[in-house]
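In: okay, predicted coordinates and the sequence, questions at the end:
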Amino acid sequence: MGDMEDVKPRKIVFVTVGTTCFDALVRAMDTQVVKQELLKRGYTHLLIQMGRGSYVPTKSEGGNGSLAVDYFTFSSSIADHLKSASLVISHAGSGSIFETLRLRKPLIVVVNEDLMDNHQSELAEELAERKHLYCARPQTVNQIIADMNLDSLVPYHPGDATPVAKLINRFLGFPDD
């Protein structure tokens, strides 16, 4: 019976890069310093969806004060992984961001600086300014994890699109209903 008291609840960090190649994020998450910081914060498992990347993270069973680490390339749906996560670390794709925010999961968005037209950083920075998420770069993700206060994040509430729809309808010459 004493063994049951020693079982720690699973706290999963789910990392997603979407369908892209974002080796810089996968490599950053695979560093010992990031893994140690996650352990310090009480996380027990790290699951990395590595997409098209060529960098393969180191798997670990966990135990003996280490983080359990696993990875995969693609999945037909990441919804279950998002739902079971205690923390999500994601690329800056709008689909991943808004799906995570809708589930009310704490989120760190890591901007891929290698992308040519990086409009995604604008979205991530705006949502971070509104305190819905944290925004990082691969080289700052460890510091963001160390400094984050998840209680300070503000839940995201999708806005009412009615005023925008009315404005568009008026512009197109349709009557206000």
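Out: Thanks, I have it. Numbering: from 1, shown residues only.
In: so what's the most centrally placed residue in the chain up against?
Out: In the chain, the C-alpha closest to the average C-alpha coordinate belongs to residue 89, at a distance of 2.5 Å (Cα atoms, centre = their mean). For residue 89, the set of contacting residues under the criterion of Cβ atoms under 8 Å, 6 or more residues apart in numbering consists of 13, 14, 15, 16, 25, 29, 107, 108, 110, 141. C-beta: built from backbone N, CA, C; applies to glycine.
In: could you redo the last one with a cut-off of 6 Å?
Out: With Cβ atoms under 6 Å, 6 or more residues apart in numbering as the criterion, the residues that contact residue 89 are 15, 108.
In: burial of residue 158, as a residue count?
Out: One way to gauge burial is a neighbour count; for residue 158, by other Cβ atoms under 10 Å, it gives 8.
In: what helix or strand is it on?
Out: Per DSSP states H and E, residue 158 falls between elements, in no helix or strand.
In: state the distance from it to residue 47.
Out: The gap separating residue 158 from residue 47 is 27 Å, by Cβ to Cβ, to the nearest Å.
In: ok, now residue 114?
Out: Here residue 114 is placed at a distance of 23 Å from residue 47 (Cβ to Cβ).
In: and those two? which has more neighbours close in?
Out: Neighbours per residue (other Cβ under 10 Å) separate residue 114 from residue 47, with residue 47 holding more: 18 against 12.
In: for that one, give me its contacts.
Out: Going by Cβ under 6 Å, 6+ apart, residue 47 touches 14, 70.
In: who is it paired with across the strands?
Out: Beta-bridge pairing for residue 47 (DSSP bridges): residue 14, residue 70.
In: pLDDT score assigned to it?
Out: Among the per-residue scores, residue 47 holds a pLDDT of 98.
In: and what of the one 5 residues further on?
Out: Model confidence at residue 52, expressed as pLDDT, equals 94.
In: now it, nearest residue through space, not along the chain?
Out: residue 21 (4.3 Å; Cβ to Cβ, 6 or more residues apart in numbering).
In: now do the end-to-end distance for stretch 80-90.
Out: Its start and end residues considered, stretch 80-90 measures 15 Å (Cα to Cα, to the nearest Å).
In: pLDDT of that stretch, averaged?
Out: With pLDDT averaged residue by residue, stretch 80-90 scores 97.
In: can you give me the buried ones in it?
Out: If you call a residue buried by 16 or more other Cβ atoms under 10 Å, then stretch 80-90 has these buried ones: 81, 82, 85, 86, 87, 88, 89, 90.
In: tell me where this structure has helices.
Out: In order along the chain, the chain carries the following helices (DSSP state H): 2-5, 23-29, 32-40, 79-84, 94-102, 119-129, 141-147, 162-172.
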